[in-house]
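> coordinates for the following, if possible.
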Amino acid sequence: MKLLFEEHEIISNAVSSAKAARVWLEADPLFYEQTIRSLILFFRDYSDRYHHYKEEEILFPEMCRRNELLAGGVIHEMLDNHETFRQMLAEVEESMAEKKYEAAQHQLEQYAEALFDHIAVENEEVFQAAASLFSDAELEKISFRFLDCDRDLGTGRKEELENSARLLQSAMMNR
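So this is what the prediction gives:
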């Protein structure tokens, strides 16, 4: 679970950047546009392709096998959230393509808030449930599967995305 918590921390920092981007909407439109495009890429590739993928393909199915009631409850809610996030991000991307920056920022703020709430539920409920469902040895096996997944998707790319999120946050603070 440690890896997922660490990814949540990185994603939460990007969520903060998304909320803070509003400052640059009028102050520096070019920087704003570059920032939002970087955030869209990060959320699509890192949050969804790396993080949500591990949850959807590894953790959630294992949890549902262990406790069928989770499938119709919190796991169903988390999967619905993931799909909603994909749709929300597509809307932000569409608004950006149409140069409707105010609409894009509003949509991005809604996305960021929903993602932040989602992370809280996973940290406080889902991951705690996983810790109680599985033995330490089982959690270790799941962890190795997460690492295998990252290798299959590309650890170098994942590290690039993590670094870009850090650099973006730093650039926004120092600008």
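> C-alpha from now on. contacts and neighbour counts both.
OK.
> and the residue nearest to the spatial centre of the chain, what does it touch?
For the chain, the residue lying nearest the average C-alpha position, counting by Cα atoms, centre = their mean, turns out to be residue 47 (3.0 Å). Residues near residue 47 by Cα atoms under 8 Å, 6 or more residues apart in numbering: residue 11.
> ok, it to residue 24 distance?
In this view, residue 47 and residue 24 are 23 Å apart by Cα to Cα, to the nearest Å.
> can you tell me how far the residue nearest to the centre of the chain is from residue 102?
Residue 47 sits 23 Å away from residue 102, going by Cα to Cα.
> go on, residue 122?
Between residue 122 and residue 102 the computed distance is 30 Å (Cα to Cα).
> for residue 18, same thing?
Shown here: residue 18 relative to residue 102, a distance of 13 Å by Cα to Cα.
> which one's more surrounded, those two?
Shown here are residue 18 and residue 102; by other Cα atoms under 10 Å, residue 18 has more neighbours (22 against 14).
> can I get the longest helix along the chain in CSV, CA atoms only?
Scanning the chain for the longest helix, with DSSP state H as the assignment, gives helix 74-97. Coordinates of each C-alpha in helix 74-97 appear next as CSV, following Å, rounded to 0.1, in the frame of the first residue of the first chain:
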residue,chain,number,x,y,z
VAL,A,74,-16.9,1.4,-2.2
ILE,A,75,-15.0,-0.3,-5.0
HIS,A,76,-17.9,0.3,-7.4
GLU,A,77,-17.8,4.0,-6.3
MET,A,78,-14.0,4.2,-6.9
LEU,A,79,-14.3,2.7,-10.3
ASP,A,80,-17.2,5.1,-11.2
ASN,A,81,-14.9,8.0,-10.0
HIS,A,82,-12.1,6.8,-12.3
GLU,A,83,-14.5,6.9,-15.3
THR,A,84,-15.8,10.3,-14.3
PHE,A,85,-12.3,11.6,-14.0
ARG,A,86,-11.5,10.5,-17.5
GLN,A,87,-14.6,12.4,-18.8
MET,A,88,-13.8,15.5,-16.7
LEU,A,89,-10.3,15.6,-18.0
ALA,A,90,-11.5,15.3,-21.6
GLU,A,91,-13.7,18.3,-21.0
VAL,A,92,-10.8,20.3,-19.7
GLU,A,93,-8.8,19.3,-22.7
GLU,A,94,-11.6,20.3,-25.1
SER,A,95,-12.0,23.7,-23.4
MET,A,96,-8.2,24.2,-23.8
ALA,A,97,-8.3,23.3,-27.4
